[in-house]
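> what's the 3D shape of this:
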Amino acid sequence: MLRREPTRLDVKDGLADEYEAYRDKLLEARARRAEAARSPPPGTSAEEHYVARAKAEREARLGINRR
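Numbers count the residues shown, from 1 in each chain. As a prediction, this is how the structure comes out:
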């Protein structure tokens, strides 16, 4: 069985709006992290950035969660 995010119908009526706000905030944070991973931090060489990006892509492909 595949895991999925709960939909509005799965959440109790009183919590539905709160859940949607929480979910939107999580999606924004995920997008910010993805954008930050694409742009090199100041002071890093192009080679270091390439290695870090390749490592992140490999981990994403293998399903390894970094936190």
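
> show me the shaky parts of this structure.
Low-confidence regions of the chain, defined here as pLDDT under 70, cover residues 1-4, 6-14, 40-41, 65-67.

> go again with 80.
1-17, 19, 35-42, 44, 63-67 (pLDDT under 80).

> let me see the ranges of the helices in it.
Using DSSP state H, the helices found in the chain span residues 16-38, 46-62.

> ok, and for the first one, which residues are buried?
So that's helix 16-38. Of the residues in helix 16-38, those scored as buried under the neighbour-count criterion (16 or more other CB atoms under 10 Å) are residue 19. (Each C-beta comes from the backbone N, C-alpha and C, glycine too.)

> got the helices of the chain as a markdown table, with distance to residue 5 columns?
Rendered in a markdown table, the data for the helices of the chain read as follows (distance: least, CB to CB, whole Å):
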| stretch | distance to residue 5 |
| --- | --- |
| helix 16-38 | 7 |
| helix 46-62 | 18 |
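
> contacting residues for residue 18?
Neighbour list for residue 18: empty [criterion: CB atoms under 8 Å, 6 or more residues apart in numbering].

> who are the contact partners of residue 23?
Contact criterion CB under 8 Å, 6+ apart gives residue 5 as the residues in contact with residue 23.

> any idea how far it is from residue 50?
Look at residue 23 and residue 50: by CB to CB, to the nearest Å, they are 33 Å apart.

> try residue 26
Counting by CB to CB, the gap between residue 26 and residue 50 amounts to 29 Å.

> ok, residue 21 next?
Here the distance between residue 21 and residue 50 works out to 37 Å (CB to CB).

> go on, residue 36?
When distance is defined by CB to CB, residue 36 is 16 Å away from residue 50.
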